[in-house]
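Novice: Return atomic coordinates for the entry below.
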Amino acid sequence: MAENDGVTRPMQGVTNEAVARVEADAGARLDACLTLADPAAAGLPAVAGQAAREACALAARLQRHADEGRARAWLCTHLLRLGCYAELLAEAPLALALLDSAELAAERREVLRLVALSGSETGAHDAALDAAQELVRLTAGLGDHGTALSAAYGLAVCFERMGDSWQANRMLQQALNDHGAGAPDAVRLMALTALCAVAIGLMHRLRGVDAAADADTDAELHEALARARASGEQARALLARCPAPIYEVSILGNLGEVLLHQGEAAAAEPLLREALALATQRDLPAHSWRIQATLGDWLLAQGRSDEALAAMTALIEQAGAAAPQQTVIRAHHVAYGACRALGRYAAALSHFEIVERSERRRATAQLRAQSQLFVTRTESQQAQWQAEQARLEAQAQRARAAEFAESAEHDPLTGLGNRRHLARRCAELLPGAERESRPLALAQLDIDHFKRVNDGHGHAAGDRVLVMLAQLLRDNTRSRDVLVRHGGEEFVLVMPGLSLDSAAEVCERLRAGVAAQRWADAEQDGLALTVSIGLAAAPGYEVADLLHRADEALYRAKRDGRNRVELASGQPG
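Specialist: Numbering: from 1, shown residues only. Predicted coordinates:
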């Protein structure tokens, strides 16, 4: 047997056509997996996550790197929904390595947000805060309300899980004030849901304080609940025009929990039951565990201690080590209360000790993270100020660049676009029109005998005629049309969406309008003007080709007597 020389050859008996068929099948399967994995499709996270894994493998094999990056980003989304935080943190670096292009900037920002959330849930505060701060840096200067609000959300979650619910609340509320009105509904929904959750977290921290002996704490507790309820109700109202299956579970569960702690147990129960049913139906275990813990609290408030203890014992066993730390603490806290009510003091003490140890571990981790990462309120405010300064500076630079670009693309005399503007707009319009085989026409318009105007009436009069003609053309074309002064007395008009016949009618109206125009306003009594127009239309979507064909038609219009519209050769007349 000959040694392998390192050259990959087709297997014996396998034709190039067969290989191409296999590759085409793989491409079709990849597209199907991407459709199933898309988080917007609202499929079950376990099923969608498996589709994302298969898409990753197929995209890598087919070297469709953008699709591989997108699939890995979507896999991270589904891992978060499943509560698989550690797996998400392991997967995220692979995704981020593929999301370094401008095309995938939004996916990169989303993965960073997911890392901030997952790291916060698992106590990996350094990874969480690094991701949140990079997200803020990427967002600064974009001038986009939605991305700014999303970045603030990621950073606020880090602060909340590191023990500073107050800073998290202020940050989110300020971000909503600054960006909420301009953000998409989906992002506002996410931020309002987070604000409600942060207020609930603050409420749980304040519940451990003897509120009866501290009027200020009691007032703050009630304020936190009121704030949680207001933001939760706003989020619920948004669901009507922005359906979001995942957030619907959170919103209903959060509102049920708030109502329970406001003493409205009867109103809380149906919300909690509905949230639990949806979480189970939609395969959201982490959400389900949290809602079950709240229902345990509800049972305890109803004096149904036996049921509360049984429910929490089952929850602790079911969730095991996979449950978020906060959910486990809450389950043991409810079990402790139930055991006390039932007179089972040894069991109560056991649950209490677990809660205390868990709380100490959490507090220690939070303090260590704050110490190691230098997270103080002052530094946070400084970081926010720096991000805001960067945003404002980038905004100013964009404004200057836009102003420069606008001046560079406009004819100073007529205010129309110039050749550079024509090139840019055609580069934007023509590829899409060609892809979808949409009609498009281009006309060249030239003033007949314009030299006589300049020679007989002076160049100032000629300039006034050009300005008046530009306004006439502007008044009689659509805002979506591209109208430019192409040089001297020549103008170009691009008409997307118009067939040759429709464009010819437009050009004929323009020609007749110029011939009927009274130019006395140009201080030239008795001056009569006409224009000749050459018209070309797609197919043939190259701007140079369209200009060439329109120019040839314009030449024929001039040669055959002027004051006429001529169609390009080969176009149906």
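Novice: how about low-confidence regions in the protein?
Specialist: Applying pLDDT under 70 to the chain flags residues 1-23, 42, 141, 207-216, 363, 365-407, 520-526, 571-573.
Novice: For it, just list every one of the strands.
Specialist: 440-447, 482-487, 490-496, 531-537, 565-567 (DSSP state E).
Novice: Make JSON lines out of those and add distance to residue 558 and mean neighbour count.
Specialist: In this view, the C-beta of every residue, glycine as well, is placed from N, C-alpha and C. JSON lines is the format used below for these (distance: least, Cβ to Cβ, whole Å; neighbours: other Cβ atoms under 10 Å):
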{"stretch": "strand 440-447", "distance to residue 558": "7", "mean neighbour count": "25"}
{"stretch": "strand 482-487", "distance to residue 558": "15", "mean neighbour count": "21"}
{"stretch": "strand 490-496", "distance to residue 558": "11", "mean neighbour count": "22"}
{"stretch": "strand 531-537", "distance to residue 558": "5", "mean neighbour count": "26"}
{"stretch": "strand 565-567", "distance to residue 558": "9", "mean neighbour count": "24"}
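Novice: out of the ones you listed, nearest to residue 191?
Specialist: When these are compared by Cβ to Cβ, strand 490-496 sits nearest residue 191, at 37.9 Å.
Novice: List the strands paired with that closest one, with their directions.
Specialist: Sheet partners assigned to strand 490-496 using DSSP bridges are listed as strand 440-447 (antiparallel), strand 482-487 (antiparallel).
Novice: With distance to residue 184 added, can I get those in JSON lines?
Specialist: Output for these, formatted as JSON lines (distance: least, Cβ to Cβ, whole Å):
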{"stretch": "strand 440-447", "distance to residue 184": "32"}
{"stretch": "strand 482-487", "distance to residue 184": "30"}
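Novice: now residue 194: how far from residue 327?
Specialist: 17 Å (Cβ to Cβ, to the nearest Å).
Novice: who's more crowded, the two?
Specialist: Between residue 194 and residue 327, counting by other Cβ atoms under 10 Å, residue 194 is the more crowded of the two (28 against 24).
Novice: So the more buried one sits against residue 156, correct?
Specialist: Yes - counting by Cβ atoms under 8 Å, residue 156 is a contact partner of residue 194 at 6.5 Å.
Novice: For these two, list the residues in contact with both.
Specialist: residue 172 (Cβ atoms under 8 Å, 6 or more residues apart in numbering).
Novice: center of this protein, which residue is that?
Specialist: By Cα atoms, centre = their mean, the chain has its centre lying nearest to residue 106, at 6.0 Å.
Novice: Next one: that one from residue 146, what distance?
Specialist: From residue 106 over to residue 146 the distance is 10 Å, taken as Cβ to Cβ.
Novice: Then residue 44?
Specialist: When Cβ to Cβ is the yardstick, residue 44 and residue 146 sit 27 Å from each other.
Novice: shouldn't residue 330 be in contact with residue 292?
Specialist: No - Residue 330 lies out of contact with residue 292 (Cβ under 8 Å); the separation is 9.6 Å.
Novice: and the spatially closest residue to residue 124 that is not a sequence neighbour, how many neighbours does it have?
Specialist: Among residues not flanking residue 124 along the chain, residue 89 sits closest, at 6.3 Å (Cβ to Cβ, 6 or more residues apart in numbering). Residue 89: 21 surrounding residues under other Cβ under 10 Å.
Novice: so who does residue 89 touch?
Specialist: 115, 118-119, 122, 124, 127.
Novice: When you filter the residues you listed down to buried only, what's left?
Specialist: Neighbour counting with 16 or more other Cβ atoms under 10 Å marks 115, 118-119, 122, 124, 127 as buried within those.
Novice: can you put the residues you listed in TSV and add distance to residue 266?
Specialist: Formatted as TSV, the buried ones among the contacts of residue 89 follow (distance: Cβ to Cβ, whole Å):
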residue	distance to residue 266
115	40
118	36
119	38
122	36
124	40
127	42
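Novice: how about the residues you listed, which pair is most distant?
Specialist: 115 and 122 (10.6 Å).
Novice: okay if I get the strands of the chain as TSV plus distance to residue 351?
Specialist: Below are the strands of the chain laid out as TSV (distance: least, Cβ to Cβ, whole Å):
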stretch	distance to residue 351
strand 440-447	73
strand 482-487	72
strand 490-496	70
strand 531-537	79
strand 565-567	87
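Novice: out of those, which comes closest to residue 80?
Specialist: Checking the strands of the chain against residue 80 by Cβ to Cβ gives strand 490-496 as the closest, at 42.2 Å.
Novice: what does that closest one contact?
Specialist: So strand 490-496 is contacted by 416, 422, 425-426, 429, 433, 438, 440-447, 469-470, 473, 477-478, 480-486, 502-503, 506-507, 510, 547, 550 (Cβ under 8 Å, 6+ apart).
Novice: same deal with stretch 442-459?
Specialist: 461-462, 465, 469, 473, 486, 488-495, 503, 506-507, 510, 524, 527, 529-537, 543, 546-547, 550-551, 553-554, 558, 562-563.
Novice: what's the answer for stretch 540-552, then?
Specialist: Here stretch 540-552 makes contact (Cβ under 8 Å, 6+ apart) with 422-423, 426-427, 430-431, 433-434, 440, 442-444, 492, 534-536, 538, 568-571.
Novice: If you count neighbours, what's buried in that stretch?
Specialist: 540-541, 543, 546-547, 549-552.
Novice: Same question for stretch 220-239.
Specialist: Using 16+ other Cβ under 10 Å as the test for burial, stretch 220-239 gives 220-221, 224-225, 227-229, 231-232, 234-236, 238-239.
Novice: same question, stretch 263-271
Specialist: Residues 265, 268-269, 271 are the ones in stretch 263-271 that count as buried (16+ other Cβ under 10 Å).
Novice: Could you dump those into a markdown table with distance to residue 175 added?
Specialist: Converted to a markdown table, the buried residues of stretch 263-271 look like this (distance: Cβ to Cβ, whole Å):
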| residue | distance to residue 175 |
| --- | --- |
| 265 | 33 |
| 268 | 29 |
| 269 | 33 |
| 271 | 27 |
